[in-house]
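1. What follows is a protein structure lacking sequence information:
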Ligand code: HH2
């Protein structure tokens, strides 16, 4: 399980909560104590625009993302040996993060920046490639899929082939259907319901459904829906990306005990 640590002022559900080093370290350690296996540090919100989030998140220049991320990443790195992922779309940020001790890169743009692909290929580290269509500011407009699961599967296969052609070994890659990124509520539900069909791609799958807007209500009131998505994908998602670590651990413990 991957615990989310948003080091941003504007993330949709926890913006501004953890953006100073002592609080970030405290939050990181508490998620690990609660049972997170790894942490995902993000210094740029990727809230898509054109839908419920209006204009979406503002694009952050690389220098600003680095200035936000590095002190917090360094502080968390000093405090724990747990694997640390960095959520970024920018090669420059990925290079600095890997040099500062990040273990993997989580790229919601699936290698749109060739410099990020080079950094990952050179480091030989794991990388998450997430599915999305279009640009973040307008992603929730004009959405069209005939067969969302089939098309996401085909586009993730293309992302994997693109990674290989950039010198990244297939064994480094984790794939993610990109819940909430350029998809309607029904399409998000179909991708979660049929996540197992993406196993045909032969790579571990990551699911990021935590507190996403397709569940309706406000972000703080989406715990039940977030847990339902984790429960449903037990067995098909290798990694779940969550805000509510303790609650998710409890769900998984009980689920496993029932299945034993
Ligand atoms: N979702 C968000 C951010 N990064 N990475 C992956 N691999 N998969 C996801 O579904 C995913 C992601 C958006 O959620 P959050 O980090 O909570 O919000 P924000 O982007 O506003 O910081």
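-> Received the coordinates, thanks. Fair warning: this is a prediction, and the values are worked out from it, not measured in the lab.
2. When you work out contacts or count neighbours from here on, use the C-alpha atoms and nothing else.
-> OK.
3. Spatially, which residue comes closest to the residue in the stretch 151-260 of the chain that the ligand sits nearest to, not counting chain neighbours?
-> Closest to the ligand within the stretch 151-260 of the chain is residue 208: 3.5 Å, counting by CA to the nearest ligand atom. Spatially, and ignoring its direct neighbours in sequence, residue 208 is nearest to residue 241 (4.8 Å; CA to CA, 6 or more residues apart in numbering).
4. Spell out which residues of this protein are next to the ligand.
-> 6, 11-12, 45-47, 106, 108, 128, 130, 176, 178-179, 208-209 (CA under 6 Å from any ligand atom).
5. Find the pair from the residues you listed with maximum spatial separation.
-> Within those, two members stand farthest from each other by CA to CA: 12 and 128, at 20.9 Å.
6. And the helix or strand hosting residue 229, what's buried?
-> If you go by DSSP states H and E, residue 229 is part of helix 223-232. Applying a neighbour-count criterion of 16 or more other CA atoms under 10 Å, the buried positions in helix 223-232 are 223, 225-227, 229-230.
7. low-scoring stretches of the stretch 51-200 of the chain, by residue?
-> Along the stretch 51-200 of the chain, the model assigns pLDDT under 70 to residues 55.
8. Strands of that one, start to end?
-> Counting by DSSP state E, counting those that start in this stretch, the stretch 51-200 of the chain has these strands, from start to end: 84-87, 104-107, 127-130, 173-176.
9. List the buried residues of the third one.
-> So that's strand 127-130. By 16+ other CA under 10 Å, the buried positions in strand 127-130 come out as 127-130.
10. tell me which of those is nearest to residue 146?
-> Using CA to CA, residue 130 is the member of the buried residues of strand 127-130 that sits closest to residue 146, with 19.8 Å.
11. could you pull out the helices for the stretch 1-150 of the chain?
-> 21-34, 62-79, 91-99, 114-123, 148-165 (DSSP state H, counting those that start in this stretch).
12. now for the fourth one, which elements pack on it?
-> What that stands for is helix 114-123. The contact analysis (3 or more CA pairs under 8 Å, 6 or more residues apart in numbering; DSSP states H and E) places helix 114-123 against helix 91-99.
13. quick one: the helix it packs on to helix 62-79, angle?
-> With axes from the mean of the first three to the mean of the last three CA atoms, to 10 degrees as the basis, helix 91-99 and helix 62-79 are set at 10 degrees to each other.
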